[in-house]
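Trainee: Generate a structure from the sequence data that follows.
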Amino acid sequence: MANKIFIIVTFIGVPLSVIGTLMHWSSTVLFLIYCLTIVSLASFMGRATESLAIVTGPRIGGLLNATFGNAVELIISIFALKAGLIGVVLASLTGSVLGNLLLVAGLSFFIGGLKFKRQHFNVHDATHNSALLIFAVIVAFVIPEVFTINMNESRSLSLSVGISVILIALYLAALFFKLVTHRGVYQPKVESGAEQQEEEAEWGKGKAITILLAATIAVAYVAENLVHTFEEVGQSFGWSELFIGIIIVAIVGNAAEHASAVIMAYKNKMDVAVEIAVGSTLQIAMFVAPILVLISLLFETKMPLVFSLPEMVSMAVAVLLSISIANDGETNWFEGLTLLGAYVIMGIGFYLL
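Mentor: Numbering: from 1, shown residues only. All right, here's what the predicted structure looks like:
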């Protein structure tokens with residue numbers, strides 16, 4: 001039923017997005033159309049990556065989901081950078097970290113926990129990812145803020161570029177570690193092999209990849225136009241740049257992995273669900289954010305990797321809370337509810353700012 005609704009929304013939303021853009025409809029109307037269209041397109045991306053996860057395994061499947069899910073936000077952020085909306089871009093990066101660690105993981109643990117009393121995932125991956133999260137979010141994001149207090153803009157940007165290069169190099173090294181040198185070393189014991197053998201992918205590999213690429217291209221077009229509605233919509237609803245970036249852009253931009261992670265958790269595939277939530281956060285912090293810093297060098301307005309105090313504190317708290325909950329390799333619905341509660345509290349705070 002849900003898939004049929006998304007199909008209908010996609011085939012109506014994409015043409016309406018084109019027509020509305022050409023005819024200069026109200027920004028508020030276009031904003032709603034663009035958001036619904038991106039979410040519906042993201043559902044196709046989620047189904048395609050779910051099919052690929054069955055074929056390629058949880059790690060590569062989770063990585064593919066995070067990559068294509070983050071591609072949406074990367075596209076939105078590049079157009080926002082081009083428009084000079086640095087505050088929106090930094091806020092959307094913050095929103096992605098909070099959204100993945102608190103909203104996506106929280107929903108996954110909660111929905112999955114309602115069906116299963118206890119859900120388990122690879123504790124070795126959880127421990128490895130915890131160290132990376134602390135480095136990527138707390139070390140790499142907090143240090144620029146501390147060191148740039150007495151720096152001018154030029155030196156702040158130079159520090160941000162240096163940190164960005166190191167983050168990208170370490171992210172590529174982390175992928176090499178997980179997918180090449182230590183692939184299969186920390187694999188959990190499979191209790192029931194029959195369940196995996198019976199599972200069939202909805203789409204074949206070729207069809208899934210084609211749908212992923214087509215949906216990403218469509219999202220790129222809609223996202224470019226979505227960015228131009230931010231200012232007027234923000235004035236209409238009383239939303240700040242901070243709130244638009246942290247809540248609206250982050251939720252719309254990460255809709256693909258939101259849906260996929262919850263579906264995987266409901267099917268008790270917690271390795272994939274956790275890989276999507278945590279892997280996406282690592283990709284945002286160690287690849288997307290640094291890439292955006294480097295891309296901003298091509299535009300008139302440059303973006304240093306310096307966040308506001310509320311953004312830094314909220315990201316650090318999200319990392320520490322998610323690590324404390326997930327480090328034992330198992331979860332339940334109450335732990336999911338705790339993460340969701342933290343997300344709502346932070347959302348209220350950013351709204352009131």
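
Trainee: Tell me how far residue 106 lies from residue 159.
Mentor: 33 Å (Cβ to Cβ, to the nearest Å). Every residue, glycine included, has its C-beta placed from N, CA and C.

Trainee: can you give me the strands in the stretch 51-200 of the chain?
Mentor: 119-120 (DSSP state E, counting those that start in this stretch).

Trainee: what about residue 179, how many residues close to it?
Mentor: Residue 179 is flanked by 13 other residues according to other Cβ atoms under 10 Å.

Trainee: typed the wrong thing, it's residue 226
Mentor: There are 27 residues near residue 226, going by other Cβ under 10 Å.

Trainee: before we move on, which element is it in?
Mentor: Residue 226 is part of helix 205-227, with elements assigned from DSSP states H and E.

Trainee: Quick one: work out the angle between the following helix or strand past that helix and helix 205-227.
Mentor: Under the assignment DSSP H and E, the closest C-terminal helix or strand after helix 205-227 is helix 230-237. Inter-element angle recorded for helix 230-237 and helix 205-227: 70 degrees (by axes from the mean of the first three to the mean of the last three Cα atoms, to 10 degrees).

Trainee: How far off centre is the following helix or strand past helix 230-237?
Mentor: Of the helices and strands lying after helix 230-237 in sequence (DSSP H and E), the nearest is helix 241-243. Distance of helix 241-243 from its chain centroid, counting by Cα atoms, centre = their mean, to the nearest Å, is 17 Å.

Trainee: Show me what helix 241-243 packs onto, helices and strands only.
Mentor: Contact here means 3 or more Cβ pairs under 8 Å, 6 or more residues apart in numbering; DSSP states H and E; on that basis helix 241-243 packs against helix 86-98, helix 333-352.

Trainee: So if I had to pick from residue 106 and residue 159, which one is more boxed in?
Mentor: Between residue 106 and residue 159, residue 106 has the larger neighbour count (other Cβ under 10 Å), namely 26 against 18.

Trainee: what's near enough to touch the more buried one?
Mentor: By Cβ atoms under 8 Å, 6 or more residues apart in numbering, residue 106 lies in contact with 336, 337, 338, 339, 340, 342, 343.

Trainee: roughly how far apart are it and residue 332?
Mentor: Distance from residue 106 to residue 332, by Cβ to Cβ: 12 Å.

Trainee: cool, residue 318 as well?
Mentor: Computed as Cβ to Cβ, the residue 318 to residue 332 distance reads 19 Å.

Trainee: who's more crowded, the two?
Mentor: Applying other Cβ under 10 Å to residue 318 and residue 332 shows that residue 318 carries more neighbours, namely 26 against 17.

Trainee: Return, as residue ranges, the portions of this protein with sub-threshold pLDDT.
Mentor: Scanning the chain for pLDDT under 70 picks out 1-2, 57-66, 68-69, 183-199, 253, 255-257.

Trainee: I'm done for today, thanks for sticking with me.
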